[in-house]
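In: Based on what follows, work out the 3D shape:
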Amino acid sequence: MDEKTLKGLKALPLFAVGLAVFRTEGRSLQVLLCQPDWLIPLREWVLPEATLVEDETIVESASRFAATVVDGHHSPAVQMQTYARGKGVLGALTVCYVSVPPSVFHRGRKGFSYVWCDVEHLSYSRVFHDLDRALKEAIEDLSDNLPAIALLISRPFFTVVELQRAVNEVRRIAGRQGQMDIRNLRRMLDGAEWLIETTEVRSDGAFRPSKLYKVKEGS
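Out: Next comes the predicted model:
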């Protein structure tokens, strides 16, 4: 291991928040990974991370960090578990996740490269040994998070049928059994505070026009 890599490893904070940012590209669920320059020799990619800030909760730190990582609307951060990084010798990383609409881009940061990766075709990091487990648990939680899934397909509008398809695709990726029934989904959406029903409709051939919805800002 070269000197630059060793220096980078030693500079990692003992306690940090790792942010899993999810988006969709077609039918693919993607997560944003980053590569600090010092990780290039190892050919490793990790979650974007930031030092936990004193007097902030983990979720507050994750939400503030998310605003520096992506340019645009993101869902509220959801805290997952804390994992040992580098088998414990590199401190601890608490994983949180957010989702973003397809149109949102990540922000550049000097000394880092970024890439959107299909969650079903990832090569996992040796620096963060539990990255596979962390992402699996985050996707399982995401599969029950309707506002976050809705944001994944917001352009900025979506129909109930489109949301049903997205929910079932995330459930499939998460390894969940069963499909979300459209009638159950409509009942779950009825009166949801995070959902805005617009006056717009979308025509789809011979079918009756579908109402368009959007996610309330901050949801």
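In: domain assignment for the protein?
Out: With domains defined by automatic domain parsing, the chain comprises 3-142, 146-215.
In: Determine the longest helix present in this structure.
Out: helix 160-174 (DSSP state H).
In: tilt between whichever helix or strand comes after it and helix 160-174?
Out: Next helix or strand after helix 160-174 toward the C-terminus (DSSP states H and E): helix 182-189. Angle, helix 182-189 to helix 160-174, by axes from the mean of the first three to the mean of the last three Cα atoms, to 10 degrees: 100 degrees.
In: Pull out the buried positions in the very next helix or strand once past helix 182-189.
Out: Under the assignment DSSP H and E, the closest C-terminal helix or strand after helix 182-189 is strand 195-204. Buried residues in strand 195-204, defined by neighbour count with 16 or more other Cβ atoms under 10 Å: residue 195. Just so you know, the C-beta spots here come from the backbone N, C-alpha and C atoms, and that holds for glycine as well.
In: Over to stretch 133-152?
Out: By 16+ other Cβ under 10 Å, the buried positions in stretch 133-152 come out as 134-135, 137-140, 142-143, 145-152.
In: Could I get the average pLDDT for that stretch?
Out: Across stretch 133-152, pLDDT averages out at 96.
In: So for it, first residue to last residue, what's the gap.
Out: Using Cα to Cα, to the nearest Å, the end-to-end distance of stretch 133-152 comes out at 22 Å.
In: Can you say which of the domains of the chain is packed in most?
Out: domain 3-142 (a mean of 17; mean count of other Cβ atoms under 10 Å).
In: What's the end-to-end length of that one?
Out: First-to-last distance for domain 3-142 - Cα to Cα - comes to 39 Å.
In: And for stretch 124-136?
Out: 12 Å.
In: can you check stretch 33-53 too?
Out: Note: stretch 33-53 ends 22 Å apart using Cα to Cα.
In: ditto for stretch 41-49
Out: Across stretch 41-49, first to last residue, Cα to Cα, it's 19 Å.
In: now stretch 7-22
Out: Stretch 7-22 end-to-end distance (Cα to Cα) = 30 Å.
In: Could I get the average pLDDT for it?
Out: pLDDT averaged over stretch 7-22 gives 89.
In: returning to what we had before: and the buried residues of stretch 133-152, which two are furthest apart?
Out: Within these, 134 and 150 form the most distant pair, 23.3 Å apart (Cβ to Cβ).
In: ok, which stretches of the protein are strands?
Out: Ranges of strands in the chain, per DSSP state E, are 15-25, 28-36, 49-51, 70-71, 78-84, 92-99, 105-106, 112-118, 195-204, 207-215.
In: With residue 174 as the reference, name the closest of these.
Out: Per Cβ to Cβ, nearest to residue 174 of these: strand 28-36, 9.4 Å.
In: And for that closest one, what's in contact with it?
Out: The contact list for strand 28-36, computed with Cβ atoms under 8 Å, 6 or more residues apart in numbering, reads 8, 20-24, 44-48, 69-70, 106, 109, 111-120, 122, 135, 139, 152, 169-170, 173.
In: Report the contact partners of residue 7.
Out: Counted by Cβ under 8 Å, 6+ apart, residue 7 has contacts residue 38.
In: helices and strands around the longest helix of the chain, which ones?
Out: strand 28-36, helix 131-142, helix 146-152, helix 182-189, strand 207-215 (3 or more Cβ pairs under 8 Å, 6 or more residues apart in numbering; DSSP states H and E).
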